[in-house]
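Peer 1: could you look at this predicted model? Sequence included:
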Amino acid sequence: MNLINKKVTHKRFGMGSIVKHNESIIEIHFASENKMFVFPDVFGKYLKLHDKSDAHLIEKIIQKKEIERKEEEWKKEEEKKLQRKNQKLRLEHEKLMKHHKLHPESQMVFRCDIEEQNSSVSEWKVFSGAIKSGNNKGKPNKPIRMHQNSAVLLTALDSGMPEKDRRILGVYMVNEDYIGKLCEDGNIPAHSKYRLQLTEQESNQLLLWKYYTDKKSPDKMTWNTGKYRYFDNLWMAQILLDIVSLKSEPTEKELAQRFFKHFCKMNQITDHDLPKPNGALMRI
């Protein structure tokens, strides 16, 4: 809108006319001197425009500015709330990291369905599944034992095969700052470096039940329900050591060795004292 030469009245300086204006500043010539003001804020309280049509447009501009101001204040308040929430989560995270006690069974073996066999190694994450009953029915399971020392073992069972033939597809350490107790969405993402995928030939040689035993039923090899189970830190170390032996390609073998050493360090395992696998399959 063009306000040049429009007549105005200021509460203090009296009558004047507009000589210049833009989106943020307006300059007015009064009898003795020119004055500059913030536009459109000066209107309403201190400055009155004589032209009613222009005054109405100014009023609309002021209303729009007020709405934008309130929206900006709301955004800032929301940002502050988010910052406070994130600060609270950071403090909780630091507390859990500082006082974490190593659980002897803080590894996860995950049962992949057909779709997950591909997605788990392409996206390098798994979903812990939903709670089936109770007050929290439908909410994601919290893998509370999982921590920075934890690895996720990906397994699958080919159609028509007995449970004893469940094979290992791959394995990954959890994300560097992952804490299961704080997991709200049930997703368990992989570490940026420590990830191992097995070829089909390697997978067929690495069967879960060679290492794993259901301590409630040590002589049985069954998995009826649930997407995952926790298992012994030593068993995961045994699996990783055997993956090192399986890998022949130099780069992959080196990665497997680094993974194994990192895992042993994180789980306070001395690799030369590692016992031989003694899973349910070894007891047949």
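Peer 2: Arrived safely, thanks for sending.
Peer 1: residues in contact with the spatially closest residue to Lys139 that is not a sequence neighbour?
Peer 2: Nearest residue to Lys139, sequence neighbours excluded (CB to CB, 6 or more residues apart in numbering): Ile131, at 5.3 Å. Every residue, glycine included, has its C-beta placed from N, CA and C. The contact partners of Ile131, by CB atoms under 8 Å, 6 or more residues apart in numbering, come to Lys137, Gly138, Lys139, Pro140, Asn141.
Peer 1: how about 7 Å then?
Peer 2: By CB atoms under 7 Å, 6 or more residues apart in numbering, the contact set of Ile131 is Lys137, Gly138, Lys139, Asn141.
Peer 1: same question for Val8.
Peer 2: Gly16, Ser17, Ile18, Ile28, Leu47, Lys48, Leu49, His50 are the contacts of Val8 under CB under 7 Å, 6+ apart.
Peer 1: any idea how many residues pack against Lys137?
Peer 2: 9 (other CB atoms under 10 Å).
Peer 1: which SS class is it?
Peer 2: Following DSSP: H, G, I helix; E, B strand; the rest coil, we place Lys137 in the coil state.
Peer 1: when you give positions from now on, start the count at 671
Peer 2: With the count now opening at 671, the last piece we talked about shows up as Lys807.
Peer 1: which residue, other than its chain neighbours, is closest to it?
Peer 2: Ile801 is the one closest to Lys807 (CB to CB, 6+ apart), at 5.6 Å.
Peer 1: now the one you found. Its backbone dihedrals?
Peer 2: phi -70, psi 130 (degrees, to the nearest 10).
Peer 1: how close does it sit to Gly856?
Peer 2: From Ile801 across to Gly856, the span is 9 Å (CB to CB, to the nearest Å).
Peer 1: which residues do those two both contact?
Peer 2: With CB under 7 Å, 6+ apart as the test, Ile801 and Gly856 both reach Asn811.
Peer 1: hang on, the earlier thing: closest one to Leu910 out of the contacts of Ile801, please.
Peer 2: Asn811 (24.9 Å; CB to CB).
Peer 1: which residues touch Val844?
Peer 2: Counted by CB under 7 Å, 6+ apart, Val844 has contacts Met816, Gln818, Ser820, Val822, Ile858, His861.
Peer 1: now the buried members of those.
Peer 2: Met816, Gln818, Ser820, Val822, Ile858, His861 (16 or more other CB atoms under 10 Å).
Peer 1: show only the entries of these found in strands.
Peer 2: Of the buried ones among the contacts of Val844, the ones assigned to strands by DSSP state E are Val822, Ile858, His861.
Peer 1: and those residues as a markdown table, adding distance to Ser789 and pLDDT?
Peer 2: Below are these laid out as a markdown table (distance: CB to CB, whole Å; pLDDT from 0 to 100):
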| residue | distance to Ser789 | pLDDT |
| --- | --- | --- |
| Val822 | 13 | 97 |
| Ile858 | 13 | 95 |
| His861 | 18 | 95 |
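Peer 1: ok, those vs Leu911, which is closest?
Peer 2: Val822 (17.4 Å).
Peer 1: list phi and psi for the closest residue to the closest one other than its chain neighbours.
Peer 2: Nearest residue to Val822 in three dimensions, chain neighbours excluded: Met778, at 4.8 Å (CB to CB, 6+ apart). Main-chain torsions, Met778, degrees, to the nearest 10: phi -130, psi 130.
Peer 1: and Met778, how far from Ile858?
Peer 2: When Met778 is compared with Ile858 (using CB to CB), they lie 7 Å apart.
Peer 1: likewise Glu729?
Peer 2: From Glu729 to Ile858 the distance is 57 Å (CB to CB).
Peer 1: again with Asp889
Peer 2: In terms of CB to CB, Asp889 sits 30 Å off from Ile858.
Peer 1: also Tyr848?
Peer 2: Counting by CB to CB, the gap between Tyr848 and Ile858 amounts to 7 Å.
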